[in-house]
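Novice: this one's structure only:
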């Protein structure tokens, strides 16, 4: 009792004292059996900070978080929370009352059959929250998460975003001094995700709570105060986002080039990061200021038509990739795709896939509502949306796994309703699960799919060679698929989906859980397939940043296609309607936010150490912001306009649709 | 409008797909060491234990005695309760000890011999012996009381004959019916023959349902089934290779069991045609696999399919005729038996193995089994496609 009491006072002392590390981890090491999950990780988390752990699946994020939360033992090193070394069950029990931990997975720690309120009450009782405190806290948390209206709804009937918010409320109900959230935003729709960050920033602005949050989305990195980039169980880089950016100086050059394939080939020989984003090319040029970088790129591209060339600061994605590339120089960017047989020449852009008013109901639930789009041959078409938006259902209808409830669809010229199995020989499909037999070897998997598609022995041999070269698998032909790293599994699955040289390829969230290097290589392959072999590719993703690599995008929300166009078109349209983002850096971000909100800038939001503001007249707004801040005695470091991200576009479109619906409802009631 | 494009592919020979799928199933099975161990165990150790361990006879039944007479006659009677049927666990001095012994299961039978037992016999006066039997296990209880009754009756008869001056060796002079029976097919009434074959048939049934169901549901769990649905495979082309691979494994296991356990260990005769037995077994596996595939179409994961299998197996085993002959069942259950493929299979197997019957004799059991199988398999295939729609 005495000990517990002293700890509480220590933790409280801690929250009063001010600076110092809430969590100290040094030389942390964890093995699962013989497999090294995390090794030699050292990190300090300062009080009042949002500390981000960023890395792909299997980087060791969850392991580290569980150990800090005191629910996982470790093999070597030290973990200290609130100054208490977490070495045993007993010591872990001493810090647990001050920790809120939300494990990975949408609402996995909640009880589906209990209502929102019952879930909160359960966690409150578990944490021995006194009844009078509970009522007040519950009120406040339900208000900021906007879950009040749903108090009596069973958790299983909430949307993904609402589940995650409820999870957050349950984690916060005992007012922990340290909250640990394991991938809270994965698969959550962008609107809820932005809400989630706002709530978090709101809670943390008083500075008494410290948060450790992991994410697989690189574009969320700049929302943290401090980040640690994890890769294969090791910290690649750690510090403020700005200081990590400074690790590898350089610029990102964006341009349009015709012909694109040649530009990619020439630039690829010189630079490690050359990525086609639809029509646009993005090149990361090291050690160069903007102008010098543009100059270098232009020189390399003499004879190629170049337009709209601009240079900007690189983002964290580029830095992380560059760090990885330097680490694994041997792997690097591998040789270009082995060429298959010469592609059929198609002069016209024939339509490969067309959906017209597709509808699919599951019982009373409408999973896909009136989806229409067309995909010409040789195009990468992206379906972008959160989990449960209906992307997978669309793919399943087009591939013939599911029958549409209503509407029409054509794939390779054949109608979905009347077509038999003949069509299946012309399409390739790769599901979320990667659809490989993990207990079969690489070669056995290839042989199986070759056999299923009826390839002759000779064809099979040729294709197997092509797949193994494409997926960088030579020398590993006899390894079991289940033992390969995710990136290779993904490429092998792609190879198996391509074994019969389909003209149309369906990819259902093919990059979830794959590390950035693997993702980059994967997109290279897709690019070459679409440009050289003119394969039509329909891909779904919930990574907003990845979506920009598509030629054409359809945004899906709640089963509906809410916008469609090329990424540039989509952005331009929103920019025209809503304006650009102003990024404001000051010495006191929280105070800045409060000032701006007070003065009527309603969309101002805290974004890591910066404040973001959507503005339709940037020049005028910049001036008024400067006057407001200097009036409040806040020192402004910089104010810059930022191009819109795909996430901004998505959120704008979804809120537009919601507003329209509301207006229509009101009309109906009047 | 969608323009159709030139898509050049020759028609695929179905056997390439079929071959690729079957090879895959076999490879997967041989990589699953846990399953392999389970199969090996079921066909060897499990059958061995069933054959050597389980018996329908009374063996070493615990017997406690309360002897209030302590005479030559009482000792004579007690000595009649001997091994291997009974095991004397000792005498109790007070009859009140009997209840706790029976309650705790330490004794199955308690015999109480009254005072003046010998004297009553000698004077040809009526006397009695009290027996308390634990009939928790009704079969054992019934056997114990029957055997005991027989022992006491024989003893009483002998005593009364000798009391009347007739020596037991001269009973032939008395008028009596001689009971003379011929026991066919299993002349020594060896339990192990029946039990081991019966267990083998159970193992075949369980595996024939479980293996294809598990293979199918695993594809669903891992998401690979979608890949197959998108490919040009028909439902039958997906299901049949699984059944073929599993049939091969089960037939191999059956052969292993017969020539390693049933023959050498229990000396079970195989009187009929082994080829016929294996043909029938193959047909039976297909029938039962259909049930498994149906179970797989209803389940989402291995745990569910396991429980569904148990649910479907229990009535199949009860209605198989292995435990209770059809004649002893209520009418509606007897009618239900006609829909249990296992019932026909058990008839057929015992017919071939122990009775040496040929296919002409067995035809009335063969055709219903095969038609049931075709129906179940067809239903399973239909369900398989429908579950994704």
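Specialist: Everything's here; your move. As the structure is a computational prediction, the values presented were derived from the model and not from experiment. Numbers count the residues shown, from 1 in each chain, chains lettered A, B, ... in the order given.
Novice: tally of neighbours for residue 146?
Specialist: Since you didn't name a chain, this refers to chain A. 12 (other C-beta atoms under 10 Å in any protein chain shown). Yep, even glycine has a C-beta here, placed from its N, CA and C like the rest.
Novice: ah, no, chain B please
Specialist: With other C-beta under 10 Å as criterion, residue B:146 counts 12.
Novice: Roughly how far does it sit from residue B:109?
Specialist: 12 Å (C-beta to C-beta, to the nearest Å).
Novice: got the contact list for the one helix or strand residue A:444 maps to?
Specialist: When elements are assigned from DSSP states H and E, residue A:444 belongs to helix A:442-452. Contact partners of helix A:442-452, identified using C-beta atoms under 8 Å, 6 or more residues apart in numbering or on different chains, comprise A:436-437, A:440, A:459-460, A:463-464, A:467-468, A:473, A:476-479, A:481, A:484, A:492, A:495-497, A:499-500, B:16-17, B:19-21, B:23-24, B:27, B:228, B:231-233.
Novice: what about burial for the residues you listed, which qualify?
Specialist: With burial judged by 16 or more other C-beta atoms under 10 Å in any protein chain shown, the buried subset of the contacts of helix A:442-452 is A:436-437, A:440, A:460, A:463-464, A:467-468, A:473, A:476, A:481, A:484, A:492, A:495-497, A:499-500, B:16-17, B:20-21, B:23-24, B:27, B:228, B:231-233.
Novice: one step back: show the subsequent helix or strand relative to the helix holding residue A:444.
Specialist: Counting by DSSP H and E, the element after helix A:442-452 in chain order, helix or strand, is helix A:457-470.
Novice: anything in that following helix near chain B?
Specialist: No. Using C-beta under 8 Å from any C-beta of the partner chain, no contact is recorded between helix A:457-470 and chain B, whose separation bottoms out at 9.3 Å.
Novice: what angle sits between that helix and helix A:442-452?
Specialist: If you take axes from the mean of the first three to the mean of the last three C-alpha atoms, to 10 degrees, helix A:457-470 sits at 140 degrees to helix A:442-452.
Novice: returning to what we had before: please flag which of the buried ones among the contacts of helix A:442-452 sit within strands.
Specialist: Judged by DSSP state E, the buried ones among the contacts of helix A:442-452 include no members of strands.
Novice: So which of those residues are in helices?
Specialist: Residues of the buried ones among the contacts of helix A:442-452 located in helices (DSSP state H): A:460, A:463-464, A:467-468, A:492, A:495-497, B:16-17, B:20-21, B:23-24, B:27, B:228.
Novice: low-scoring stretches of the stretch 251-389 of chain B, by residue?
Specialist: Across the stretch 251-389 of chain B, the ranges flagged by pLDDT under 70 are B:322-323, B:388-389.
Novice: Skipping its backbone neighbours, what lies nearest the residue in the stretch 101-250 of chain B that chain A sits nearest to in space?
Specialist: Residue of the stretch 101-250 of chain B nearest chain A, by C-beta to the nearest C-beta: residue B:223 (2.9 Å). Nearest residue to residue B:223 in three dimensions, chain neighbours excluded: residue A:433, at 2.9 Å (C-beta to C-beta, 6 or more residues apart in numbering or on different chains).
Novice: Also residue B:42?
Specialist: residue B:203 (4.6 Å).
Novice: Just the strands from the stretch 451-600 of chain A, written as ranges.
Specialist: A:504-508, A:536-541, A:552-557, A:560-565, A:580-586 (DSSP state E, counting those that start in this stretch).
Novice: What is the burial count for the residue of the stretch 101-250 of chain B closest to chain A?
Specialist: Residues lying near residue B:223 (other C-beta under 10 Å) number 15.
Novice: Now do the contacts for residue A:615.
Specialist: Residue A:615 touches A:579, A:580, A:581, A:582, A:621, A:622, A:641, counting by C-beta under 8 Å, 6+ apart.
Novice: Now do residue A:429, the pLDDT please.
Specialist: You'll see residue A:429 listed with a pLDDT of 92.
Novice: Tell me the secondary structure at it.
Specialist: Applying DSSP: H, G, I helix; E, B strand; the rest coil to residue A:429 yields a three-state assignment of strand.
Novice: and it, bridged to which residues?
Specialist: With DSSP bridges applied, residue A:429 shows beta-bridge pairing to residue A:506.
Novice: State the distance from it to residue A:435.
Specialist: Relative to residue A:435, and taking C-beta to C-beta, residue A:429 is found at 8 Å.
Novice: Overlap in contacts, these two.
Specialist: Contacts common to residue A:429 and residue A:435, judged by C-beta under 8 Å, 6+ apart, are A:497, B:226, B:227.
Novice: can you tell me the helix or strand for the second one?
Specialist: Following DSSP H and E, the helix or strand that holds residue B:226 is helix B:224-230.
Novice: next structured bit after that helix?
Specialist: Tracing the chain past helix B:224-230, the next element assigned as helix or strand by DSSP H and E is helix B:235-257.
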